[in-house]
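> compute the structure for the input listed below.
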Amino acid sequence: YYVTEEAAAADYARAAFKYKPTKVPVCGLDLTLVPEQSLIRSENNSTGYKGVKKMKGRFQANFVTEKGKAPTTFGTFDTAEEAAGVYARAVYCLDQRRKIMSPRKCDQGKRVE
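So this is what the prediction gives:
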């Protein structure tokens, strides 16, 4: 226990500085190396951006991986532009991952190298 509030606050500040949280990957995706992408506009969405919805005064970035499945949430943000930026980078990252993971096509039974 601390004698004064100032001593407690000082220890808290030291600990908060020493143990800064690391950037957590967004939904299992590490977007730190993904370049900025242009925001994806949507006329059908009230926020003006695809994959972004307003929840309790904040903006949430969502992505539906499979039809009928629950959407994957990338987080909540203060502005629609922030959420749209994360959504656009995540879509880019997932698209690149899909290209890498897809099997190579064959040309008339011959394997294409």
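
> mind listing what residue 92 touches?
34-35, 37 (C-beta atoms under 8 Å, 6 or more residues apart in numbering). Using the backbone N, CA and C atoms, a C-beta is placed for each residue, glycine as well.

> distance check, the residue of the chain positioned farthest from its centre against residue 12.
In the chain, the residue that sits farthest from the middle, by C-alpha atoms, centre = their mean, is residue 3; the gap is 42.6 Å. For residue 3, the distance to residue 12 (C-beta to C-beta, to the nearest Å) stands at 15 Å.

> please settle this for me: is the residue farthest from the centre of the chain part of a helix?
No. With DSSP: H, G, I helix; E, B strand; the rest coil as the criterion, residue 3 is assigned coil and is not in a helix.

> and the pLDDT for it?
What the model reports as pLDDT for residue 3 is 90.

> tell me how confident the model is about the longest helix seen in the chain, as a mean pLDDT.
Scanning the chain for the helix with the most residues, using DSSP state H, yields helix 80-101. Computed over helix 80-101, the mean pLDDT rounds to 84.

> then stretch 36-45?
91.

> ok, and what's touching that stretch?
So stretch 36-45 is in contact with 48-53, 81, 84-85, 87-89, 91-92, going by C-beta under 8 Å, 6+ apart.

> and those residues as JSON lines, adding distance to residue 19?
Shown next, in JSON lines, are those (distance: C-beta to C-beta, whole Å):
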{"residue": "48", "distance to residue 19": "38"}
{"residue": "49", "distance to residue 19": "34"}
{"residue": "50", "distance to residue 19": "37"}
{"residue": "51", "distance to residue 19": "33"}
{"residue": "52", "distance to residue 19": "32"}
{"residue": "53", "distance to residue 19": "33"}
{"residue": "81", "distance to residue 19": "30"}
{"residue": "84", "distance to residue 19": "31"}
{"residue": "85", "distance to residue 19": "28"}
{"residue": "87", "distance to residue 19": "30"}
{"residue": "88", "distance to residue 19": "31"}
{"residue": "89", "distance to residue 19": "27"}
{"residue": "91", "distance to residue 19": "33"}
{"residue": "92", "distance to residue 19": "32"}
